[in-house]
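K.L.:
Fold the following and give me the result.
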Amino acid sequence: MLRKPIVLLVLGLLCFERHELLAGETLPPASRWIPDRAILAVEVANPRPLLDAALSPKAAEGIAATRVYKQAAERPGFQQFMFVIRYLEARLGADWKTALGKLLGGGASWAVMPDGTSLFIVDSLDAEMLGKLHDCFVEFARADAAKQDQPNRVASADYRGVTGWTLGKDEAHAILGNRLVLANRPQMLKEVIDLRAGSGEGSLAALPGYQTARKAAGPDTVATAYLNLAALKKHPPIQKALAENPNPMATLLFAGLLDAVRESNWLALGLRIAGTDVSLEAAVDAKPSGSSSLSAFSWPSLPDEGALPNLSVPRQILGLSFFRDLHAFYAAKDKLFPERTSGLIFFENMMGIFFSGRDLTEDIMAQPTPHIRFVVAEQKYDPEIGTPRVQLPAFAAVFRLRKPKQYADIVEEAWQKAVGLVSVTRGQKAQLGLVIDRAEHQNTRYSFAYFPSQPEDQKQSLPTQFNFRPALVKMGEYLVLSSTDGLAKDLIDALKRESAAQVKPSAGVHTQIELNAAALGSVLRANRAHLIRQNMLDKGNSQEEAETQVDFLLSLVKAFGQAKLAVGAGKSGHLATLQLKLSPP
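P.N.:
Numbers count the residues shown, from 1 in each chain. Next comes the predicted model:
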């Protein structure tokens, strides 16, 4: 059974001195003791759901089963660590789980100042237990200081009626009633005591921006976070990063988000937990960009417009759905990218070849609607063809067309040129080229290309290129470009289901992402041997070290079930919602 790996971190932080509150004093919210110059404040108002999830038997069993934990348990220091835990349990008069619940049960706050000073505040449910734990740590610290011949390292001093302690360099703390105040610099602790006395320069709770952000996070959250973007953007590296124009692909994907950060004064996060369901909501105060903005291509112009729901196919790993007006984006390229990048020039040259010199803005980019979707899925390999030694997921892009009959043939011509270019390039290296063919699925004709079959004795370890059988589907108003014909057929089925269901866009949402960790884990496990070899080559690890790191990654992926992210417009401004469904062992 796993016992206490988490408690080490917490107990290390809980070093404080008992101090009785002044008669009749009631502790205010921790945010009143945090200086208003904080650029980040994280508040856990209701730690019980977090503790229940972290300390559940299933979570403990899962951690105990990992190679990392088993290796740690075999080290000599582990038994010494366990002895310390048992000693603390005896001194506190409670097992470590009960003690942890009482010590952290009142909530916790963490704040960071622009100069790197940090502040940690914990409200305990048991002030007496808090004091007992402090006595233990003072004893430990004094014994260690004596061994190091540093008897003055552990010290205390009074300031405005509060006893402050330090157990070592860059650490100062005090306790008032059941509240621990821990700072990484003594001056920070003095600021907190000044705020408590009402003579400080101002508290975070009094800031209008913090109040608005806290309200935007919602009242039913387990934890919240406040980020002062206005102060953060004064930092030169942040200023430089926001002033620079990213590359065209990053602009296309993230322009709306970058504008939100540039135009906002604060960011608020709210965390909610219900069993294995976790949701994180982010809000900023900037309003969605209007039609005059350079990022208008990423915002729906009508109230009921937005990104389409993600498609669903067998063994799906990732689904991405965007609302992006490619015509508006490319028409604004000279303003978005006044200095044309080499990547953009290369793209235009290649498109000129594939699309026979047609105008890229008006003839090509104007044809797709703003509804663009991508799908990534684990492959199911045909035994007649064989299995590659490195197994890659299949991926596809799905577009809706304004003039499908006219545009689809133009795209097929470009697709055939691209396939031919690949074959010619590979032929110059004496490598296998692609063969183009046509097939039918569910009364829908599609084009695909494939590499010639290999001898029977090589089918269980084919070269990497056999992960690819590029396909093009023209189906009504839809156009599908897929890395494999298998995924193309699955998408034909999915699009037929969508058409029958008359699916509508998600109003106001410009980005939707869905991740299935189970399918991702399946792909990683299929490539475990390759990942271990790559780890050994890239990092110089031994096989045992590489296996430990790869298996730890696999265990992390296994802990997640599904994740969904939606980004769009909220009541106060931009809004992003992340939903996680955990999959405990």
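
K.L.:
Return the list of helices and strands in contact with the helix or strand hosting residue 549.
P.N.:
When elements are defined using DSSP states H and E, residue 549 is found to belong to helix 543-559. Using 3 or more C-beta pairs under 8 Å, 6 or more residues apart in numbering; DSSP states H and E as the contact definition, the elements that helix 543-559 packs against are helix 67-73, helix 517-526, helix 528-539. Yep, even glycine has a C-beta here, placed from its N, CA and C like the rest.

K.L.:
Could you check the shortest one and say which residues are buried?
P.N.:
When neighbours are counted by 16 or more other C-beta atoms under 10 Å, the buried residues of helix 67-73 are found to be 67, 69.

K.L.:
So which elements touch it?
P.N.:
When contacts are defined as 3+ C-beta pairs under 8 Å, 6+ apart, helix 67-73 packs onto helix 543-559.

K.L.:
I'd like the next helix or strand past the helix it packs on.
P.N.:
From helix 543-559 onward toward the C-terminus, using DSSP H and E, the following helix or strand is strand 560-569.

K.L.:
buried ones in that next one?
P.N.:
Using 16+ other C-beta under 10 Å as the test for burial, strand 560-569 gives 560, 561, 563, 564, 565, 566, 567, 568, 569.

K.L.:
Closest one to residue 323 out of those residues, please.
P.N.:
Nearest to residue 323 among those, counting by C-beta to C-beta, is residue 568 at 8.5 Å.

K.L.:
Could you list the domains of the chain?
P.N.:
The record's domain split for the chain, according to automatic domain parsing, is 7-20+31-206, 285-582.

K.L.:
dump the residue contacts of residue 217.
P.N.:
Under the criterion of C-beta atoms under 8 Å, 6 or more residues apart in numbering, the neighbours of residue 217 are 224, 225, 226, 268, 269, 270, 281, 283.

K.L.:
quick one on the thing from earlier: convert the C-alpha atoms of the helix holding residue 549 to PDB, please.
P.N.:
Presented in PDB, the C-alpha positions along helix 543-559 are these (Å, rounded to 0.1, in the frame of the first residue of the first chain):
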ATOM      1  CA  GLN A 543      18.100   0.800 -20.900                       C
ATOM      2  CA  GLU A 544      16.700   0.600 -17.400                       C
ATOM      3  CA  GLU A 545      16.600   4.400 -17.100                       C
ATOM      4  CA  ALA A 546      14.900   4.700 -20.500                       C
ATOM      5  CA  GLU A 547      12.400   2.000 -19.500                       C
ATOM      6  CA  THR A 548      11.600   3.900 -16.300                       C
ATOM      7  CA  GLN A 549      11.000   7.200 -18.100                       C
ATOM      8  CA  VAL A 550       8.900   5.700 -20.900                       C
ATOM      9  CA  ASP A 551       6.800   3.600 -18.500                       C
ATOM     10  CA  PHE A 552       6.300   6.700 -16.300                       C
ATOM     11  CA  LEU A 553       5.000   8.600 -19.400                       C
ATOM     12  CA  LEU A 554       2.600   5.700 -20.200                       C
ATOM     13  CA  SER A 555       1.300   5.700 -16.600                       C
ATOM     14  CA  LEU A 556       0.600   9.400 -16.800                       C
ATOM     15  CA  VAL A 557      -1.300   9.000 -20.100                       C
ATOM     16  CA  LYS A 558      -3.200   6.100 -18.600                       C
ATOM     17  CA  ALA A 559      -4.400   8.400 -15.700                       C
END
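
K.L.:
buried residues in it?
P.N.:
In helix 543-559, counting by 16+ other C-beta under 10 Å, buried: 546, 547, 548, 549, 550, 551, 554, 555, 557, 558.

K.L.:
What segments of the stretch 151-300 of the chain are strands?
P.N.:
With DSSP state E, counting those that start in this stretch applied, the stretch 151-300 of the chain shows strands at 155-159, 162-166, 172-176, 179-183, 223-228, 266-274, 277-284, listed in chain order.

K.L.:
Can you list the low-confidence ranges for the stretch 1-150 of the chain?
P.N.:
By pLDDT under 70, the weakly predicted segments of the stretch 1-150 of the chain are 1-25.

K.L.:
can you give me the helices in it?
P.N.:
Remark: helices of the stretch 1-150 of the chain, listed N- to C-terminal, are 7-13, 48-54, 57-64, 67-73, 76-92, 96-104, 127-147; assignment by DSSP state H, counting those that start in this stretch.
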